[in-house]
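**Student:** pasting the sequence and the predicted model now:
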Amino acid sequence: MGLTDSLNAYFDVDEQGSDVRTEVLAGFTTFLAMSYIIVVNPFILAGAIEIEDYAFIEVVQMIAIATILASAVATLVMAVYANRPFALAPGMGLNVFFAVTVVGILGIPWQTALAAVFVEGVIFMILTAVGARKYIIELFPEPVKYAVGAGIGVFLLFIGLQEMRVVVDEPETLVQLGPIASDPWSILGVVGIALTLLLWARGVRGSIILGVLATAVTGWALTLGGLFDRGTITPETLPAAQYDITPLAGAFLEGLADIDPLTFTFVVFTFFFVDFFDTAGTLIGVGQFGDFLDEDGDLPEAEKPLMADAIGTTVGAMLGTSTVTTYIESSTGVEEGGRTGLTALVVAALFIVSLVAVPVVAAIPAYASYIAVVVVGIMMFQGVTDIDWSHPAWTVSGALTITIMPFTYSIADGLAAGIVAFPLVKAAIGEADDVRLGQWALAVVLVGYYVLQTGGFVF
């Protein structure tokens, strides 16, 4: 039996209406669509992770390696265990939550934050094994399931535009349009967004990574051509390739060694809360794009991809990166015909190959890397077409899910708003019998949590 026949048999390719060639091409397509995370995740996390005797850009390279390895491991588990064409990597939004909220706002040491991610991953593995995680996900109201992708999208869009200085602080209105035309950083970012969106609209494979690289090359060309000084639109210096990640890998153990039990419990719970709903929403969103959901909007055998997610999160924390989750860009491979874990296997292999490109990450300016954040945010709006906007409960729940995320700078807050609103509106219009007891219970728990949080009883 040849390699093709072995792969066909192991992944049940024929039974899924596909073939090995299609699965391989789908894997390449998915990787090209999500490979931006190798560049973006390190820049987001490096803002919070400071390692003594190492420069910022050296830390960026360490995190890039951790990102690649965690993505490869999680996607490999998805391939061989779940047999789904879904790829995984550190989640957009969750990495911002790690860096901005936990480390930045709460002031938790980054080592402790990694320890919290590790503990959360272990808890998720246990809950997934006993089926509890799948059960809770199925309690999500349908409008929330379909709105979460767009909510995360507008949140990412807001973050990306801030990093490009297109949107800036304003005391009276909180935000306003920045001085784009006089800021070369913003100009290159906006041009890069336009280029990337045009490539994507024309169906060019790898449009996001092409847009990021083209913008970075333009910035370097303008600098080397003498129009700008080094450090204006390009990094001021470039370090040697940094492949030693020992200062980062295993740092979660230091976070476990010296913790305040109450604070650590709260951080673990907060990560658990955010990751649970974010992962569920993203997985449902990918299933939605791939037409894998059943008539109730649920993903059959969801416990298997959820286990891949949990293992990826645990391994990622050990290596030094934030929560790993299923990527919405997996839908690009599905659109190319990917139907089995063979697609994911190809993605995992390509992540390992991409280790040779780690030195390139240091040369990419931040405005170029955040192009991916903006474009992915826009792409994630596609899911709103499945929301029944004529139904009051769907309208209120879906709209709150989408809008509360960017307004509160929190994925979890948006999900909670949609989950709480759904049973209340259903009851108000005389459809209380359609609400499951578990949905009421989930809403009550969330209300209690936010009363404690916003009432100053927990920080």
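**Tutor:** The structure has been received and is ready for your questions.

**Student:** contacts for stretch 136-144?
**Tutor:** For stretch 136-144, the surrounding residues in contact (CB atoms under 8 Å, 6 or more residues apart in numbering) are 276, 280-281, 283-284, 296-298, 302, 306, 387-388, 393-395, 397-398, 401, 415, 418-419, 422-423, 436, 438-439, 442. The C-beta positions use only the backbone N, C-alpha and C, and glycine is treated the same way.

**Student:** now go through those and say which are in helices.
**Tutor:** 276, 280-281, 283-284, 306, 393-395, 397-398, 401, 415, 418-419, 422-423, 438-439, 442 (DSSP state H).

**Student:** any of these buried? List them.
**Tutor:** Buried members of the ones in helices among the contacts of stretch 136-144, scored by 16 or more other CB atoms under 10 Å, are 276, 280-281, 283-284, 306, 393-395, 397-398, 401, 415, 418-419, 422-423, 439, 442.

**Student:** could you list the domains of this structure?
**Tutor:** Here the domain assignment for the chain is 3-376, 387-459, based on automatic domain parsing.

**Student:** now do the closest residue to Trp200 other than its chain neighbours against Phe86, distance only.
**Tutor:** Among residues not flanking Trp200 along the chain, Ser207 sits closest, at 4.1 Å (CB to CB, 6 or more residues apart in numbering). From Ser207 across to Phe86, the span is 20 Å (CB to CB, to the nearest Å).

**Student:** okay, now Leu199: neighbour count?
**Tutor:** 18 (other CB atoms under 10 Å).

**Student:** try the one 4 residues further on
**Tutor:** By the other CB under 10 Å criterion, the neighbourhood of Gly203 contains 9 residues.

**Student:** in the stretch 201-350 of the chain, which spans are strands?
**Tutor:** Here the stretch 201-350 of the chain has its strands, by DSSP state E, counting those that start in this stretch, at 324-326.

**Student:** just to revisit the earlier point, quickly compare the domains of the chain and say which is most buried.
**Tutor:** Comparing the domains of the chain by mean neighbour count (mean count of other CB atoms under 10 Å), domain 3-376 ranks first with a mean of 21.

**Student:** endpoints of it, how far apart?
**Tutor:** For domain 3-376, the first-to-last residue distance is 35 Å (CA to CA, to the nearest Å).

**Student:** quick one: that domain to chain centroid distance?
**Tutor:** 4 Å (CA atoms, centre = their mean, to the nearest Å).

**Student:** pLDDT weak spots in the stretch 101-250 of the chain?
**Tutor:** Where the stretch 101-250 of the chain drops to pLDDT under 70, the residues are 134, 137.

**Student:** take stretch 327-346, keep the C-alpha atoms, and write them as CSV.
**Tutor:** What follows is stretch 327-346, C-alpha atoms only, in CSV (Å, rounded to 0.1, in the frame of the first residue of the first chain):
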residue,chain,number,x,y,z
TYR,A,327,-8.9,29.2,13.7
ILE,A,328,-11.7,30.7,11.7
GLU,A,329,-9.3,30.6,8.7
SER,A,330,-9.7,26.9,8.6
SER,A,331,-12.8,27.7,6.5
THR,A,332,-10.5,28.7,3.6
GLY,A,333,-9.2,25.1,3.4
VAL,A,334,-12.8,23.8,3.7
GLU,A,335,-13.8,26.0,0.8
GLU,A,336,-11.0,24.3,-1.2
GLY,A,337,-12.5,20.9,-0.5
GLY,A,338,-10.8,19.9,2.8
ARG,A,339,-13.0,17.5,4.7
THR,A,340,-10.7,15.4,6.9
GLY,A,341,-7.8,15.5,9.3
LEU,A,342,-5.4,15.1,6.4
THR,A,343,-5.9,18.9,5.8
ALA,A,344,-4.9,19.6,9.4
LEU,A,345,-1.9,17.2,9.1
VAL,A,346,-0.5,19.3,6.2
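
**Student:** what about it, average pLDDT?
**Tutor:** Mean pLDDT, stretch 327-346: 83.
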